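[1] Need coordinates for the below:
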Amino acid sequence: MRRVTCATVAALIVALGAPASAAPSAPAGWKRWSAAPADCTIWVPERATELDELTWTRCPFQAEGCEALGAPWAARTGWGFGGRLSAASDCTHSYLAVTRAIAADQWETIVLEDPGPHPTVVAAVRQQLPGAGCVVGSVALRRDGDAVTATLPILREAAEAAPVVLLGTPRTLIDRPRIEAFGAPGAAVLAREVAWRSGDLLAVWEHEGRFAVRELATGATRRPTPATAFRFLLEPTPVAGAVLYAAWTGDRGSVWADRGGASRAVLADPAYSYDRFASDGHDAVWTRGRGFVALNTFHRAELWAGQIAGGTVVMPRRVAALDDEAALPLVSLGDGHAALWRSGDDVRIVRLSDGQVRRLPAVAMLSWDGGSGGLEIAGGAVWARASLRGAPGNDLRIVVRFALDALPVVGGAG
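    Numbering: from 1, shown residues only. Next up, the predicted model:
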């Protein structure tokens, strides 16, 4: 299993234990969001383009092809970025979603178009915790055909109250969202902070290692289960009319596809463990391990890749060997490359076509984040974030855009 570092979840725990109180007042320049549930206090800016402290500068640790967004507000709030990072591109514009602790008790999620020296803020929401009546999840940006979609879950404070997921594009998510509500009390989807969309399928991550699928054309909702014993279901990813997901038993993983409520095995062999599955809707990557040693560790492990077609994985092929008897890297995927996070100073970008490896710079004071929600590849760039070395790993103090072709080539993927 991959590690979970999410300030949003921590905020939810605080909110759940807080006594009921009057809804907080909107800060200056903000107004209540009309698309939010009536009992949920979320604010949107009156003029999103006027958000401050969003200055991108040239990276001090790389001369070319690198821009950084720092967190100057952390000096007064004690926290920088949190939640999940998400990035996507439609080949014309790139979009980046981040969450920041803009005040000691206020979290703000923003979506930037063409991040860099002159970005445009196309979406922003803010709330004060506790007392908001709900908790905003993370904006998930996904390339879907020729467009970029945006999804935003709103988690309710009462565990038996169903979540709401808002759908749109980066530019319509605030002003003209589609709103999907999930059930009545007692039949709730106990959502986490992530929901991903592709076409007419919406996958909502849940607690206890489960997930729910909503068919947007009919409103039908289901919780898929594979025809095998499992402890957790991970990384549900809607692609090409199906939802691909990983099943984990405690010592072995497999990959399944749910279509119309029926799940079938896509990558499953009792001799191997298939882990770290990731897909961007075009490509898919995973690790294949043999000889269980310990959690996420195998005697032999390899990086594999395939393509998505008909809601399954086709043309699987071995890309590279991984270190023997070492913990599996966290994996994310985009633009025909896989990002392998081995440690805070060892992040490698592997080109799937030939195994060429580039590497993020090791910076003395920084520890790079990784995996789904921590590091993204989109629009010809690697979008990374880092905490200060020795500080809490979910207190991120910098977000960086690396031009993919500006990262140094370090050789093969072994």
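[2] With Leu233 as the reference, measure out to Glu208.
    Distance, Glu208 to Leu233, by C-beta to C-beta, to the nearest Å: 9 Å. C-betas here are computed from N, CA, C, even on glycine.
[3] between these two, who's got more neighbours?
    For Glu208 versus Leu233, neighbours defined as other C-beta atoms under 10 Å are more numerous around Leu233 (23 against 9).
[4] how many other residues sit next to Ala63?
    With neighbours defined by other C-beta under 10 Å, the count for Ala63 comes to 9.
[5] next one: phi and psi at it?
    Backbone torsions for Ala63, taken as degrees, to the nearest 10, come to phi -70, psi -40.
[6] got a pLDDT number for it?
    At Ala63, the predicted lDDT confidence score is 84.
[7] and if you look at Ile13?
    Looking at Ile13 specifically, the model assigns a pLDDT of 34.
[8] just checking, Pro27 touches Asp105?
    No. Between Pro27 and Asp105 there is no contact, the gap being 11.1 Å when judged by C-beta atoms under 8 Å.
[9] could you point out which element follows the lowest-mean-pLDDT helix or strand in the chain?
    Across the helices and strands of the chain, mean confidence by mean pLDDT, DSSP states H and E is lowest for helix 7-16: a mean of 39. Using DSSP states H and E, the helix or strand that follows helix 7-16 in sequence is strand 30-32.
[10] neighbouring contacts of the helix or strand following that next one?
    Next helix or strand after strand 30-32 toward the C-terminus (DSSP H and E): strand 43-45. When contacts are defined by C-beta atoms under 8 Å, 6 or more residues apart in numbering, strand 43-45 is touched by residues 26-27, 29-33, 51, 121, 124-127, 174.
[11] Now the element after strand 43-45, going C-ward?
    Proceeding C-terminally, strand 43-45 gives way to strand 56-58 as the next helix or strand, assigned by DSSP H and E.
[12] Tell me the helices and strands packed up against the helix or strand that that next one is followed by.
    For strand 56-58, the following helix or strand on the C-terminal side (DSSP H and E) is strand 66-70. The contact analysis (3 or more C-beta pairs under 8 Å, 6 or more residues apart in numbering; DSSP states H and E) places strand 66-70 against strand 56-58, strand 396-403.
[13] can you pull the alpha-carbon coordinates of the last one into PDB?
    To tie it back to what came earlier, the one meant is strand 396-403. C-alpha atoms of strand 396-403 as PDB (Å, rounded to 0.1, in the frame of the first residue of the first chain):
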ATOM      1  CA  LEU A 396       4.700  21.000   1.600                       C
ATOM      2  CA  ARG A 397       6.600  24.300   1.200                       C
ATOM      3  CA  ILE A 398       7.200  24.400  -2.500                       C
ATOM      4  CA  VAL A 399       5.600  23.400  -5.800                       C
ATOM      5  CA  VAL A 400       7.800  23.000  -8.800                       C
ATOM      6  CA  ARG A 401       7.300  22.800 -12.500                       C
ATOM      7  CA  PHE A 402      10.200  21.000 -14.300                       C
ATOM      8  CA  ALA A 403      10.300  21.000 -18.100                       C
END
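[14] Report the distance from it to the chain centre.
    Shown here is strand 396-403, whose average C-alpha point lies 15 Å from the average C-alpha point of the whole chain (C-alpha atoms, centre = their mean, to the nearest Å).
[15] and if you look at the shortest one?
    Here strand 56-58 is found 24 Å from its chain centre; the criterion is C-alpha atoms, centre = their mean.
[16] In this structure Ala339 contacts Arg348, no?
    Yes. Contact between Ala339 and Arg348 holds when scored by C-beta under 8 Å: they sit 7.4 Å apart.
[17] Low-confidence regions, the stretch 1-150 of the chain specifically.
    Regions of the stretch 1-150 of the chain meeting the criterion pLDDT under 70 cover residues 1-22, 50.
[18] how about the contacts of strand 43-45 in a markdown table, adding neighbour count and distance to Leu295?
    What follows is the contacts of strand 43-45, written out as a markdown table (neighbours: other C-beta atoms under 10 Å; distance: C-beta to C-beta, whole Å):
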| residue | neighbour count | distance to Leu295 |
| --- | --- | --- |
| Ala26 | 18 | 45 |
| Pro27 | 15 | 44 |
| Gly29 | 12 | 47 |
| Trp30 | 19 | 44 |
| Lys31 | 11 | 47 |
| Arg32 | 14 | 45 |
| Trp33 | 21 | 41 |
| Leu51 | 17 | 41 |
| Val121 | 16 | 41 |
| Ala124 | 20 | 39 |
| Val125 | 25 | 36 |
| Arg126 | 24 | 38 |
| Gln127 | 25 | 36 |
| Ile174 | 22 | 41 |
